[in-house]
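1. let me see the structure of the following:
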Amino acid sequence: MIGNSAVLLGDSFIPLLFVSPNQINAQVPFETPTNGPSQMTVWVGGQPSATVFVTVRPTAPGVFTANSSGGGAALVFNTANRLINSTNPAQIGQEIQVLTTGLGATISAGGVALVTGGPGGDQPTLFVPTASIGGTPAAVVSARAVSGQVGQYMVRMIVPDVPVGDHVVSITSDGRSSRASTTVRVGLSETSSPISPLIFTGQVLNGASLALSPDRTAAPGSIISIFGSNLASGSAVSAGAPLPRQLLGTSVTIGNIPAPLLLVSSGQINAQVPFEIQPGSSVNIVVRTENGISRAEPLQVVTAAPGIYTVDGGGAGSVLAFHANGTLVGEAFPALPGEAISILVNGMGATLTSATAGTLASGENGGGQTTIVSASVSIGGSVARVLSSVAEIGAVGRYRITVSVPDLNAGEKAVVVSAAGKSSQSAGLSVGFLFPQPPTFFQANLAGSYVASFGLKVKSPNPAAAGEEIEEIAFFNQLVGGAGCTIAIAGSVGPTYSGQVHCQDYSNPASLIAILMAFKDGQFVDNKLIFTIRQPAGVNQFFYVGSGASPTRTVTATIAAPITGGAVSIDFKRPDFAVGDSIVGTIHATIAVGGSGTTPAQSVQLGGSFVTTITNVRR
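-> Purely as a prediction, here's the structure:
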C-alpha cells in the first residue's frame, strides 16, 4: 500500500511502485496463477473500485520508452550505458541494451532468486526472448533482471544490418511480443566504427563442448571458442604448430598475453588459453582487428575445465572416441565391456614433463605428456577405470584419456569427464557386446515346485477276482514339492544378467510360473511307477512364464524348450489307486535350448521332488 491506495489481485494485495489520481504502477506477483482469469480491485481510502478480470500470462513483454508513454523512442543504451538517440544512434553490429518489463520468472543467479517486490540481481530470464529491429532478427546476447530495480529487465542484442533511421524494436517471449510502436535510432557515429570487433556477452565457450559456462571458466592450455561480430576481415585456419598469434590482422589477448590462434572468422575465433596464466587468475579477453578493439570479456582461469570433443564438432551427440586400432567408436563399431578406448577431451590443464617430450607449451603440439590433474570418467553411470590421461600427440590443446569400458548393457551410454571439481557436458557412447546380442545361459535349479498333469494308466490285480487284472487310470495335476523354484539367467561373456523367480501360489492361475508336461506309459519297478517315454512334441515342452505374481521376479521371459531325456518316479503306498491317496515322487528332465536369438545351444538339467493327491480314479 502507498498512502491510502492498494490493489487486490486474486486473494493478495500486490506491491505498488507509484500511485497518482490517474495512474498506479504495481507489480504482478510471481506466484499469481497464469493463463486463467483473476479478479482485480483497486482500493482507495477503504473503498473498492469495480472488479475487473485480468488474465496473467507467463510473459507479456513491454519496452520502456523515453517519454514514459509506451510509444516513440525506446529506452535503449549502449554498453557504456549512454542513451541511444538521434545524436548517439545505434550502429550496425553494435551491442545495445533495451529496457523492458514483462519477461516473467528468472533463474537464480549466485544462489539468489528473484522474488515478488524484491530488486533484481542480474538473474537470467527463464524464457529466452527473441528480438527484431526493423523486422530484421537481432541476435539476443542475454536477458536479465536489472540489478536494484523491481520488475525491470535488460535485453542485450546485436543491431542487425538495417538502413539508417528509426526502426521498430520488438521483443518476443513465449509467443507474446511487445507493442510495435517503440523505436530505436540506427545510424553511424563519428566517434566509433560500425565494424569494430564485438565479443558477445557470455559467449566465450569451451572449444570442445561449446557449452555455456555459468562461471566463465577455462584451464591453461584450453581451446576456447569466442563468438561475436566483426572479429576478423575473413576466414583463416592456422597451418599448424607452432600456432600464430595473429591471423588476417586479428589477434586475441588473454590476460594481456597474445593467445595462439587456430581459427578466425567474422563470427568466431578459436584460440588457446596460454599456459603462462596461473589457475586462480581473473583475466580479460580482448579482440583486436584493423578496425578497432573489442570490449573486454572476463574469464576465470582454473586448474581444469573438461569438455568432450564430439563427432559432430558441436559438443552434442556422440563422443569422439577410438578403439586401440584407431577405428572410431560408433554404432557400427561399438565399445565393448572391458575394452580400452580413448576419449578426446579439452581443458585438462598443465602436464608433466615426459622423457621424450618437454613441458607442454602454448601453441605447441602435445607429445604424450601426462596431465597433472587426474581425470575421472563415468560411462552409463558406472565408473570407468582411467588408464592414462595425456596431451594428444600432434595436436594443440587436446587431450586423450584412455579408459576401460565398465561392465554395461548394450546401448547408447552417457559419458562425463570430471577433473579438479569441474565436469564436462554429457556425450553419447555406443556400447555393444562380443556377440551381436548378449549371450545368455540358463542355470535351472527347479527344486520341486511344479505344476504338471499326469493320467496314470496301469493294470493292477483285481481285488474281487483272484488272478485277474483291471485297468485303472488315476488323475492328478498339481505337483508341489518345495517352497519355490529358481531360474538363473547369466551371461558368460561381457555383461552379466541374473535373476531369480520364486514360484508359489499355485491356487491362483494368474500366478502360474512353471509347467512341465513330459512323460507317459509308466511301468512298475520296485513298487515305483517309472515314466521314461516322452509325450508327443506338442506336449513335450518346458515352459517358463515370467508374468505370474511372485514376491521376487527380476526376469521376464517366455521360453519353450523340448525335453530330450529324463524320467518320472512315483512311489505308491499300495498297488492300486484310491481317491485321496498320496503320491510322492521325483522328476528329472533334460531340456534342449536352441541356438537362435540370444541363447547359445545348450542342454539344461531340471530336477526335483513332488507330492500330490489322487483326485479321481476311473476303472
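2. and the strands in the stretch 301-450 of the chain?
-> 307-308, 321-322, 340-346, 376-379, 382-391, 399-404, 411-419, 422-423, 427-431, 441-445, 449-450 (DSSP state E, counting those that start in this stretch).
3. pairing partners for residue 289 in the sheet, please.
-> residue 292 (DSSP bridges).
4. picking that back up, please identify the most buried of the strands of the stretch 301-450 of the chain.
-> The highest average neighbour count among these, using mean count of other Cβ atoms under 10 Å, belongs to strand 307-308 at a mean of 30. Yep, even glycine has a C-beta here, placed from its N, CA and C like the rest.
5. identify whichever of the strands of the stretch 301-450 of the chain lies nearest to residue 79.
-> strand 307-308 (28.0 Å; Cβ to Cβ).
6. which strands border the closest one, and is each parallel or antiparallel?
-> strand 340-346 (antiparallel).
7. ok, and for stretch 40-47, which residues are buried?
-> Neighbour counts over stretch 40-47 (16 or more other Cβ atoms under 10 Å) mark 40, 42 as buried.
8. not counting stretch 370-382 itself, show me its contacts.
-> 303-304, 306, 343, 345, 348-352, 354, 383-384, 386, 388-391, 399, 401, 403, 405-409, 411, 413-420, 429, 431 (Cβ atoms under 8 Å, 6 or more residues apart in numbering).
9. now do 6 Å
-> By Cβ atoms under 6 Å, 6 or more residues apart in numbering, the residues outside stretch 370-382 that reach it are 303-304, 348-352, 384, 386, 389-390, 401, 403, 406, 408, 413, 415-420.
10. mind checking the pLDDT average for that stretch?
-> Confidence for stretch 370-382, expressed as mean pLDDT, is 95.
11. same deal with stretch 248-255?
-> Mean pLDDT, stretch 248-255: 95.
12. distance between the ends of it?
-> This stretch, stretch 248-255, spans 22 Å end to end (Cα to Cα, to the nearest Å).
13. how about residues contacting it?
-> By Cβ under 6 Å, 6+ apart, stretch 248-255 touches 232-234, 236, 258-259, 264, 271, 273, 277, 283, 285-290.
14. check which residues of it are buried.
-> 248, 250-255.
15. extract the C-alpha set from stretch 124-141 and format it as CSV.
-> Extracted in CSV, the C-alpha atoms of stretch 124-141 (Å, rounded to 0.1, in the frame of the first residue of the first chain):
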residue,chain,number,x,y,z
PRO,A,124,18.7,-14.7,-16.3
THR,A,125,15.1,-15.0,-17.5
LEU,A,126,13.5,-18.4,-17.6
PHE,A,127,12.2,-17.8,-21.1
VAL,A,128,14.9,-16.6,-23.5
PRO,A,129,13.4,-13.9,-25.7
THR,A,130,13.9,-13.1,-29.4
ALA,A,131,14.2,-9.7,-30.8
SER,A,132,14.0,-7.8,-34.1
ILE,A,133,14.8,-4.3,-35.3
GLY,A,134,13.0,-3.0,-38.3
GLY,A,135,11.6,-6.5,-38.8
THR,A,136,15.1,-8.0,-39.1
PRO,A,137,16.1,-10.6,-36.4
ALA,A,138,18.5,-9.2,-33.9
ALA,A,139,20.8,-11.7,-32.1
VAL,A,140,19.9,-11.7,-28.3
VAL,A,141,23.0,-11.8,-26.2
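16. now that stretch: average pLDDT?
-> 91.
17. same check on stretch 158-167?
-> 86.
18. okay, that stretch in PDB with CA atoms only?
-> The C-alpha coordinates for stretch 158-167 follow below in PDB (Å, rounded to 0.1, in the frame of the first residue of the first chain):
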ATOM      1  CA  ILE A 158      23.200  -7.000 -31.600                       C
ATOM      2  CA  VAL A 159      21.900  -4.400 -34.100                       C
ATOM      3  CA  PRO A 160      21.300  -6.200 -37.400                       C
ATOM      4  CA  ASP A 161      22.100  -4.800 -40.900                       C
ATOM      5  CA  VAL A 162      19.300  -2.300 -41.400                       C
ATOM      6  CA  PRO A 163      19.200   1.100 -43.100                       C
ATOM      7  CA  VAL A 164      19.900   4.300 -41.200                       C
ATOM      8  CA  GLY A 165      16.800   5.700 -39.500                       C
ATOM      9  CA  ASP A 166      14.200   4.900 -36.800                       C
ATOM     10  CA  HIS A 167      13.200   1.300 -36.700                       C
END
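19. list the buried ones in that stretch?
-> 158-160, 162, 167.
20. same check on stretch 106-120?
-> 106, 109, 114, 120.
21. how many neighbours does residue 146 have?
-> 19 (other Cβ atoms under 10 Å).
22. same check on residue 36?
-> With other Cβ under 10 Å as criterion, residue 36 counts 10.
23. now for it: which residues touch it?
-> With Cβ under 6 Å, 6+ apart, residue 36 has no contacts at all.
24. state the pLDDT value of it.
-> On the pLDDT scale, residue 36 gets 81.
25. which residue sits closest to residue 161, ignoring its sequence neighbours?
-> Excluding its sequence neighbours, the residue lying closest to residue 161 (Cβ to Cβ, 6 or more residues apart in numbering) is residue 92, at 5.4 Å.
26. tell me the secondary structure for that neighbour?
-> Under the three-state scheme (DSSP: H, G, I helix; E, B strand; the rest coil), residue 92 adopts coil.
27. please begin residue numbering at 583 from this point
-> That works, and once the first residue is 583, the last one we named lands at residue 674.
28. neighbouring contacts of the helix or strand hosting residue 737?
-> Residue 737 belongs to strand 735-740 when assigned by DSSP states H and E. Residues from elsewhere that reach strand 735-740, judged by Cβ under 6 Å, 6+ apart: 677, 679-680, 682, 685, 713, 720-728, 753, 783, 811.
29. let's see that with 7 Å instead.
-> 675, 677-683, 685, 707, 711, 713, 720-728, 753, 783, 811 (Cβ atoms under 7 Å, 6 or more residues apart in numbering).
30. quick one: strands adjacent to it?
-> For strand 735-740, pairing defined by DSSP bridges yields strand 677-683 (antiparallel), strand 722-727 (antiparallel).
31. of all these, which lies closest to residue 878?
-> Using Cβ to Cβ, the strands paired with strand 735-740 put strand 677-683 closest to residue 878, at 13.0 Å.
32. contact partners of the next helix or strand after the closest one?
-> Sequence-wise, the next helix or strand downstream of strand 677-683 (DSSP H and E) is strand 712-715. Here strand 712-715 makes contact (Cβ under 7 Å, 6+ apart) with 720, 722, 737, 739, 741-742, 744, 749, 751-754, 766.
33. tell me who's in contact with residue 583.
-> 595, 598.
34. so what pLDDT did it get?
-> pLDDT, residue 583: 75.
35. could you check how far it is from residue 597?
-> 10 Å (Cβ to Cβ, to the nearest Å).
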